[in-house]
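Engineer: A structural model of the following input is requested.
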Amino acid sequence: MQKRMLGKTGMNVSVLGFGAAEIGYEGAQQPDIDKLLAAALENGLNAIDTAECYVDSEEKLGRSIGNRRQDFYLFTKCGHAGNFFTPAWSAKEIAASLEASLKNLKTDYVDLLQLHSCDAAVLRKGEAIEALQKAKAAGKCRFIGYSGDGEDALAALELDVFDTLQTSCSIFDQQSIDLLLPVAVKKNIGVIVKRPIGNAVWRFDSKPDNEYVQEYYRRMKELKYPFIEKGENIAETALRFTLSQPGVCTMIAGTTKPDRWPANADMVRKGELPEGQLKEIRSRWQAVAEPSWLGQI
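Structural biologist: Next comes the predicted model:
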């Protein structure tokens with residue numbers, strides 16, 4: 001699989017990474033996770049992203065591939081006390097979170113430790129950033145990053161302290177293409193894209209019950225991309241669209257299905273979208289997108 005340098009980190013990451021939120025939130029079973037990750041590693045995966053608040057995602061990763069630590073780059077996030085809705089941004093809380101992550105992941109270091117969607121006020125206070133820098137100095141993480149969207153992510157980029165940015169970018173979520181990616185490229189900050197297929201909302205025949213995906217579903221209905229209306233190569237087009245954006249180093253795609261990651265890898269191997277198709281998708285977004293269509297955390 002194609003690899004790209006993750007900004008100033010020097011990590012040569014697979015352009016398709018694995019996002020481990022689903023295996024926690026959706027209660028994936030360990031045998032399926034073992035099979036899934038083995039297939040992914042065999043197909044060129046070398047970047048895995050998780051977080052301390054993704055239920056038992058870290059523990060499952062540790063049990064599955066903790067003994068293969070040198071085969072991949074490992075990213076995690078901090079800033080929440082057990083769940084995404086309980087913020088924990090003090091230095092003490094971040095240090096405790098990292099220690100728990102290392103134990104769960106069966107490792108003594110992570111390649112990347114990211115602040116998980118804190119706002120600009122937390123960033124400017126400085127305590128959270130200093131906690132990450134302390135962890136880096138202690139060898140518990142190799143690099144530090146910020147995960148988030150919109151103006152908060154822009155504030156993070158402008159601080160010039162982070163090695164990476166993880167942010168949303170997809171056919172349904174294009175704010176970052178204009179707001180964040182050019183800044184990241186200029187500053188040589190590696191970009192990790194979350195939800196590159198926009199939760200695959202084309203799967204639903206009607207508005208989904210899950211509030212987490214309803215916004216992308218609404219956008220899809222208004223955008224009316226021809227390739228979605230026709231049902232033609234939707235997932236492939238979505239992945240290759242995101243891959244084509246300047247500055248994108250790796251796309252974190254999650255799944256609980258053992259055969260899904262190799263299938264996604266086959267799509268990504270086709271490379272970037274043709275320029276004409278890229279322009280059509282961007283033009284449709286620019287014509288339809290509402291001011292409220294901000295990057296989705």
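
Engineer: what residue of the chain is the furthest out?
Structural biologist: Distance from the C-alpha centroid of the chain peaks at residue 230, with 28.1 Å (CA atoms, centre = their mean).

Engineer: whichever strand or helix holds residue 182 packs against which elements?
Structural biologist: Residue 182 is part of helix 181-187 when elements are defined by DSSP states H and E. Packing contacts for helix 181-187, counted by 3 or more CB pairs under 8 Å, 6 or more residues apart in numbering; DSSP states H and E, involve helix 150-158, strand 190-194. For the C-beta atoms, the positions are set from N, CA and C on the backbone; glycine is no exception.

Engineer: quick one on the thing from earlier: dihedrals phi and psi, the residue farthest from the centre of the chain?
Structural biologist: phi -90, psi -10 (degrees, to the nearest 10).

Engineer: give the closest residue to residue 282 in space, chain neighbours not counted.
Structural biologist: Counting by CB to CB, 6 or more residues apart in numbering, residue 282 lies nearest to residue 174, which is 7.3 Å off, once chain neighbours are set aside.

Engineer: show me where this structure has its helices.
Structural biologist: With helices called from DSSP state H, the chain shows them at 21-25, 30-42, 57-65, 91-105, 120-125, 127-137, 150-158, 175-179, 181-187, 211-223, 226-229, 234-243, 260-268, 275-288.

Engineer: those helices: which one's closest to residue 195?
Structural biologist: helix 211-223 (8.1 Å; CB to CB).

Engineer: who touches the closest one?
Structural biologist: 170-173, 198-199, 201-202, 204, 207-208, 228, 284-285, 288-289, 293, 296 (CB atoms under 8 Å, 6 or more residues apart in numbering).

Engineer: phi, psi for the residue nearest to residue 66 when sequence neighbours are not counted please.
Structural biologist: Of all residues not flanking residue 66 in the chain, residue 106 sits nearest, at 3.2 Å (CB to CB, 6+ apart). Residue 106 adopts backbone torsions of phi 60, psi 50, taken as degrees, to the nearest 10.

Engineer: and residue 106, what pLDDT?
Structural biologist: You'll see residue 106 listed with a pLDDT of 96.

Engineer: and if you look at the one 5 residues further on?
Structural biologist: Model confidence at residue 111, expressed as pLDDT, equals 98.

Engineer: OK, contacts around it?
Structural biologist: 9, 11, 73, 74, 75, 141, 142, 143.

Engineer: ok, the first one to residue 74 distance?
Structural biologist: It stands for residue 9. For residue 9, the distance to residue 74 equals 13 Å [CB to CB, to the nearest Å].

Engineer: ok, now the last one?
Structural biologist: The spacing between residue 143 and residue 74, counted by CB to CB, is 11 Å.

Engineer: give me the more crowded residue out of these two.
Structural biologist: Per other CB atoms under 10 Å, whichever of residue 143 and residue 74 has more neighbours is residue 74, with 26 against 23.

Engineer: wait, doesn't the more buried one sit right on residue 105?
Structural biologist: Yes: at 6.6 Å, residue 74 and residue 105 qualify as touching, with contact defined as CB atoms under 8 Å.

Engineer: need the contact list for the nearest residue to residue 277 once chain neighbours are set aside.
Structural biologist: Leaving aside its sequence neighbours, residue 277 sits nearest to residue 237 (CB to CB, 6+ apart; 7.4 Å). By CB under 8 Å, 6+ apart, the contact set of residue 237 is 171, 227, 273, 277, 281.

Engineer: and those as CSV, adding neighbour count, distance to residue 18 and pLDDT?
Structural biologist: Shown next, in CSV, are the contacts of residue 237 (neighbours: other CB atoms under 10 Å; distance: CB to CB, whole Å; pLDDT from 0 to 100):
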residue, neighbour count, distance to residue 18, pLDDT
171, 26, 21, 98
227, 17, 25, 97
273, 20, 22, 97
277, 15, 26, 97
281, 20, 25, 98
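
Engineer: and the residues you listed, which is closest to residue 113?
Structural biologist: Closest to residue 113 out of these is residue 171 (29.8 Å), distances taken as CB to CB.

Engineer: how about the contacts made by the closest one?
Structural biologist: Residue 171 neighbours (CB under 8 Å, 6+ apart): 198, 223, 225, 237, 238, 241, 242, 281, 285.

Engineer: from residue 142, how far off is it?
Structural biologist: In terms of CB to CB, residue 171 sits 32 Å off from residue 142.

Engineer: same question for residue 295.
Structural biologist: 26 Å.
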